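Fold the stuff below for me.
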Amino acid sequence: MTTLNSPVPRFHLAMPVDDLDAARHFYGKIIGCEQGRSSETWIDWNLRGHQFVTHLAPARGPAAHNQVDGHDVPVPHFGLLLTIPEFHDLAERLRAAGTTFVIEPYLRFAGKPGEQWTMFLYDPAGNALEFKAFADDSQVFAA
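Here you go, the predicted model:
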């Protein structure tokens, strides 16, 4: 048995996709995840040390949204907390790839507790993603 040495417990997340080749391009080439095991119906990804799996599942239910700070936020969604330089680098890679943002990258709560950069987008299968960046990690759960 291998023990993982990580200060934060790792998560496992499985998400449906309708095209594994599109998922391979998006998560591997654009997002920059290392691909792990795969089959004809799923792909394991290393999402910054977390086990993220895209499973071939063509049927999808209707999307839901919540109003947050005047934006129509897709629910459910998932993503990563990045450093500010990583956030802006990813935003530029997404722009260069022609990604349409649900919510363009912007600074939220400027000068207030919880100040963060955030952006929302959909992967090729319609899964909603949010990426964030905090200048100060102590602000991640600030009230």
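
Next, the contact list for M15, please.
By C-beta atoms under 8 Å, 6 or more residues apart in numbering, the contact list for M15 reads 52-55, 78, 123, 125, 127. In this view, the C-beta of every residue, glycine as well, is placed from N, C-alpha and C.

7 Å - rerun?
By C-beta atoms under 7 Å, 6 or more residues apart in numbering, M15 lies in contact with 54, 127.

And K112, by the same measure?
So K112 contacts nothing (C-beta under 7 Å, 6+ apart).

all strands of this structure, in order?
Using DSSP state E, the strands found in the chain span residues 12-17, 34-38, 42-47, 50-56, 64-68, 71-75, 77-82, 101-108, 116-122, 128-133.

Nearest to V140, out of those strands?
strand 77-82 (6.7 Å; C-beta to C-beta).

mind listing what's buried in the closest one?
By neighbour count on 16 or more other C-beta atoms under 10 Å, the buried set for strand 77-82 is 79-80, 82.

Before I go, just wanted to say thanks for your time.
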